[in-house]
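> Turn this into a structure:
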Amino acid sequence: MDDKARSGPAGTATAGTPDAAVILRVLRVCLHTGFAVLLLVALVRLLGTGLQGTDWLILGLALVLAAVYVLGTVLEKRHATDPSRFDPRPYSQLWLGTVCLLWLLLIWASADFVWLAFPLFFLQLHVLPLRLALPAIALSTVLVIVALWFHNTGADGGALQLPMVLGPAFGAAFAVVTGLAYRALYLEAEKQRLAAEELRRTRAELARSQHDAGTLAERARLAREIHDTLAQGFSSIVLMGRSAEKSLDDGDTATARDRLRTVQETASANLAEARNFVRGLQPPVLAESPAESPSESPTGNSPEDPLVNSLRRLCEKTETEAAARGAKLRCRFDLEGTPVDLPNPYRTTLLRAAQASLANVWVHARADTAVVTLSFLGSEVAMDIYDDGAGFEPSAVTDPAGRPDGSGYGLKSLQERVSALAGSLDIESAPGEGTVVAIRLPLGDSPAGRES
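Numbers count the residues shown, from 1 in each chain. Next up, the predicted model:
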């Protein structure tokens, strides 16, 4: 057997599976027990005839053989139990050679020890590589046959008898077949162990990759939320603060007070958004709009849809913030169709899209008019944000990762939100011709549309 399948003087190995471990343990016990029993039988026969002359030498050799064998098995067992102890594996072949040499001296002196060849066949198969084990077994078989012939008929010139050949030959063949079967069993157990380790490693890698993917997705989600809410809110606070300071310098306390009120409202909204990140609930502006503004619908029959109310208030806020910058922007909200109860991801996406688009309008577009149109079209909900501002070239929009200040993330964030709901985002713009941001979200059987 190869080095990977061998572990100690007794030829035992560390199995890869519990079943293989049991089989190896049983084989080891049977091997050691067989060797001990055969050696004990030979000693009993030797002592039964009385010790005379060279019998004392034979007894001494037998006891040395027993001591060497036990020493090797004990060292192997201790190392298997505690790998930090002395490792006898590098000396296993030397140990086997010593055992075989003592056995050769014993069979030359007495035929009673030839039957120790059978456990030695297994030891040779386990300790030696296969290319050396088979010649060693063949040589041992020949020596057994010669010893049997010498001790039975050879001294008197008798011929070699057939049983003297068949017995050792069949024993050697049985040992080889059994050893090869064990080898195949061990290799199969090793394959199963390696396959199980690979499966565990693959599962661990898959779990780690899924965790990393989830972490990146959560980071992207938080980046979108922070950009569309907190960052824009802080920008508005800075703008209103500067406007209030200018009004105070001009002695216009009424305007300054109005700007500071807007700062307070924006800061409160940002605080609510920050707390909302922790709670993982729907956006506060959507959750609180009905309670804070129980306004009637244009028909005067029932309170407006929370999204409709939020978009209407957003347009009013945009006009106020634009006025604080000295811009005369008129922002109008239009509703087409009958509102339906949208899933929360839809409402969030549409509100965030309006916030990001209108922020771009009053910060970059220098527009005079902006119109937000929300349309309920039966199979889909649509929202168009139009402005008559400076416009831009959509293909020239750069990756926000390349901007030192982190700006320019709005369109990328909006595209990710819309794509997550299987919707479409179209931007029509050209320098000097204004901009239209068109969003379409499917309703009905879409995965996102079934969320509530």
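
> switch to C-alpha atoms for all contacts and neighbour counts from now on
Fine.

> Could you list the low-pLDDT ranges of the stretch 301-450 of the chain?
Low-confidence segments of the stretch 301-450 of the chain, defined by pLDDT under 70: 301-304, 365, 396-410, 445-450.

> hmm, try it at 50
Applying pLDDT under 50 to the stretch 301-450 of the chain flags residues 301-302, 398-399, 401-407, 446-450.

> Next, A370: secondary structure please.
strand (DSSP: H, G, I helix; E, B strand; the rest coil).

> ditto for I385
Secondary structure of I385, per three-state DSSP, is strand.

> which residue packs closest to it, ignoring adjacent ones?
V372 (4.6 Å; CA to CA, 6 or more residues apart in numbering).

> Surely that neighbour and R332 touch.
Yes. In this structure V372 lies within contact range of R332 using CA atoms under 8 Å: 6.3 Å.

> just checking, next helix/strand downstream of the helix or strand in which G97 is found?
If you go by DSSP states H and E, G97 is part of helix 92-109. Note on helix 92-109: by DSSP H and E, the next helix or strand toward the C-terminus is helix 117-127.

> Just the C-alpha atoms of that following helix, please, in PDB.
What follows is helix 117-127 as a C-alpha-only set of coordinates in PDB (Å, rounded to 0.1, in the frame of the first residue of the first chain):
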ATOM      1  CA  ALA A 117       3.900 -16.000   7.900                       C
ATOM      2  CA  PHE A 118       0.200 -15.400   7.500                       C
ATOM      3  CA  PRO A 119      -0.100 -12.200   9.700                       C
ATOM      4  CA  LEU A 120       3.300 -11.200   8.300                       C
ATOM      5  CA  PHE A 121       1.900 -11.300   4.800                       C
ATOM      6  CA  PHE A 122      -0.700  -8.700   5.800                       C
ATOM      7  CA  LEU A 123       2.000  -6.600   7.500                       C
ATOM      8  CA  GLN A 124       4.100  -6.600   4.400                       C
ATOM      9  CA  LEU A 125       1.100  -5.500   2.300                       C
ATOM     10  CA  HIS A 126       0.200  -2.700   4.700                       C
ATOM     11  CA  VAL A 127       3.700  -1.400   5.500                       C
END
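
> Looking at it now, give me its mean pLDDT.
Taken as a whole, helix 117-127 has a mean pLDDT of 82.

> List the contacts of the residue lying closest to E428 once chain neighbours are set aside.
With sequence-adjacent residues excluded and distances taken as CA to CA, 6+ apart, E428 is closest to V436, at 5.1 Å. The contact partners of V436, taken as CA atoms under 8 Å, 6 or more residues apart in numbering, are 384-387, 427-429.

> 6 Å instead?
For V436, the contact set (CA atoms under 6 Å, 6 or more residues apart in numbering) comprises 385-386, 427-428.

> Drop anything exposed from those residues.
Using 16 or more other CA atoms under 10 Å as the burial test, the contacts of V436 include 385-386 as buried.

> closest to L31 among the contacts of V436?
Of all these, L31 sits closest to I427, with 82.2 Å by CA to CA.

> any idea how far the closest one lies from L374?
16 Å (CA to CA, to the nearest Å).

> How about T266?
Here the criterion is CA to CA. By it, T266 lies 24 Å from L374.

> just R325 next, same as before
Separation of R325 from L374 (CA to CA): 27 Å.

> who has more neighbours, the two?
Each of R325 and L374 has its neighbours counted (other CA atoms under 10 Å); L374 has more, 22 against 14.

> Check which helix or strand the more buried one maps to.
Per DSSP H and E, L374 falls inside strand 369-376.

> Partner strands of that strand and their direction?
strand 330-336 (parallel), strand 380-387 (antiparallel) (DSSP bridges).

> in the next helix or strand after the longest one, what's buried?
Heading C-terminal from strand 380-387, the first helix or strand you meet, by DSSP H and E, is helix 410-420. By neighbour count, and taking 16+ other CA under 10 Å as the criterion, the buried residues in helix 410-420 are 410-411, 413-418.

> Please tabulate these in TSV, including the columns distance to P306.
Output for the buried residues of helix 410-420, formatted as TSV (distance: CA to CA, whole Å):
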residue	distance to P306
G410	23
L411	24
S413	23
L414	21
Q415	23
E416	23
R417	20
V418	20
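
> now, which of these sits nearest A353?
Using CA to CA, the buried residues of helix 410-420 come closest to A353 at L414, 6.1 Å.

> ok, which stretches of the stretch 1-150 of the chain are helices?
18-48, 55-81, 92-109, 117-127, 130-152 (DSSP state H, counting those that start in this stretch).

> Setting aside sequence neighbours, what's the nearest residue to C331?
The shortest distance from C331 to any non-neighbouring residue, by CA to CA, 6+ apart, is to A370 (4.6 Å).

> so who does that neighbour touch?
With CA under 6 Å, 6+ apart, A370 has these contacts: 331, 386-387.

> I'd like to know how many residues surround the closest residue to E336 other than its chain neighbours.
Excluding the flanking residues, the one nearest E336 by CA to CA, 6+ apart is S375, at 4.6 Å. S375: 18 surrounding residues under other CA under 10 Å.

> now L39
20.

> Mind pulling up the pLDDT for it?
85.

> can you check the one 10 residues further on too?
Residue-level confidence at T49 comes out at 75, pLDDT.

> Now it: phi and psi?
phi -90, psi 0 (degrees, to the nearest 10).

> re earlier: now do the buried residues in the helix holding G97.
Neighbour-count burial for helix 92-109 flags 92-93, 95-96, 99-100, 102-104, 106-109 (criterion: 16+ other CA under 10 Å).
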